[in-house]
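Chemist: sequence below, structure please.
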Amino acid sequence: MKRNSLIVMMLVFLLVPVFVVTFTSCAGKAVKKEVGLSDEEKARLEAERLAKEKAAAEEAAKRKQAEALAKQAAAAKDAFLNKHVYFDFDQYSIRPEAEVVLQTKADYLSENGKIKVEVQGHCDERGTDAYNMALGDRRAKSAVNFLENLGVDPSRMTAVSYGESKPLDPGRNEAAYAKNRRAQFVIMGQ
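Modeler: Residues are numbered from 1 along each chain as shown. Reported below is the predicted structural model:
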């Protein structure tokens, strides 16, 4: 019996501090009353959050659209500058495939009404310098006249001949010569 009393006393000594800590720690603290938001405040906060999300999404869409338009404008300008009008040997008449290129250039110029261009006439190296300068001039003027017939204001275009002095391809074969017989467009100002 002494033994049972001893066990009970030990349990009391061990369990009493646990109970004391548990109950006094809760009793010493004031229980905070949770303050909730009214339904109106919740609705207002949700509306503000949704409005911010919508504004951010609209701003992102505007940025994306502006980037797409900038890329499109850059591609159109690149095509305008880098697609040339090619001519047959010793000719300055506009070929059918060149008409498509010139129509694209006319469209670009109509969309960019303040741009002024220099239309450069070029030749391959065959022929005299004087002959090639005259042929380059006729090629440039042929392109300008075609664009004028499509409605481009002639005051926005200047025809210049470079003859054989600025080849695209320095080779001395028919493939190189074909690249060099061209009218090339350069933007001069707005």
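
Chemist: drop to CA atoms for contacts and neighbour counts, all remaining ones
Modeler: Will do.

Chemist: can you give me the helices in this structure?
Modeler: 2-27, 39-82, 96-111, 129-149, 174-180 (DSSP state H).

Chemist: tally of neighbours for Arg177?
Modeler: Arg isn't right for residue 177; it's Tyr. Residues lying near Tyr177 (other CA atoms under 10 Å) number 22.

Chemist: from here on, count from 117
Modeler: OK, 117 is where the count begins now, so the last one is Tyr293.

Chemist: okay, now the residue nearest to it when sequence neighbours are not counted: neighbour count?
Modeler: Using CA to CA, 6 or more residues apart in numbering and skipping residues adjacent in sequence, the residue nearest Tyr293 is Asp240, 5.1 Å away. Neighbourhood size, Asp240 [other CA under 10 Å]: 28.

Chemist: same thing with Ala190?
Modeler: Other residues close to Ala190 by other CA under 10 Å number 12.

Chemist: state the distance from it to Leu161.
Modeler: Distance, Ala190 to Leu161, using CA to CA, to the nearest Å: 43 Å.

Chemist: state the distance from the residue minimising distance to the centre of the chain to Asp223.
Modeler: With distances taken as CA atoms, centre = their mean, the residue of the chain nearest its centroid is Lys187 (3.1 Å). Counting by CA to CA, the gap from Lys187 to Asp223 is 17 Å.

Chemist: pLDDT score assigned to Asp285?
Modeler: Listed pLDDT for Asp285 reads 95.

Chemist: so, low pLDDT: which residues of this protein?
Modeler: Within the chain, the stretches with pLDDT under 70 are 117-151.

Chemist: bridging residues for Gly279?
Modeler: His238 (DSSP bridges).

Chemist: so it sits right up against Thr244, yeah?
Modeler: No: at 9.4 Å, Gly279 does not count as touching Thr244 under the criterion of CA atoms under 8 Å.

Chemist: nearest to Asp206, of the helices of the chain?
Modeler: Closest approach to Asp206 among these (CA to CA): helix 245-265, 7.5 Å.

Chemist: buried residues in that closest one?
Modeler: 248-264 (16 or more other CA atoms under 10 Å).

Chemist: same check on stretch 271-284?
Modeler: Arg272, Met273, Thr274, Ala275, Val276, Ser277, Tyr278, Gly279, Glu280, Pro283, Leu284.

Chemist: report the backbone C-alpha coordinates of that stretch in PDB.
Modeler: This file holds the C-alpha atoms of stretch 271-284, laid out as PDB (Å, rounded to 0.1, in the frame of the first residue of the first chain):
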ATOM      1  CA  SER A 271       7.800  65.100-104.500                       C
ATOM      2  CA  ARG A 272       8.500  62.400-102.000                       C
ATOM      3  CA  MET A 273      10.800  60.500-104.400                       C
ATOM      4  CA  THR A 274      14.200  61.400-105.900                       C
ATOM      5  CA  ALA A 275      15.700  59.300-108.700                       C
ATOM      6  CA  VAL A 276      19.500  58.900-108.500                       C
ATOM      7  CA  SER A 277      21.800  56.700-110.600                       C
ATOM      8  CA  TYR A 278      24.900  54.900-109.200                       C
ATOM      9  CA  GLY A 279      25.600  53.000-112.400                       C
ATOM     10  CA  GLU A 280      27.900  50.100-111.700                       C
ATOM     11  CA  SER A 281      29.600  51.800-108.700                       C
ATOM     12  CA  LYS A 282      27.600  50.000-105.900                       C
ATOM     13  CA  PRO A 283      27.200  46.400-106.700                       C
ATOM     14  CA  LEU A 284      25.300  44.100-104.300                       C
END
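
Chemist: perfect, I'm done here.
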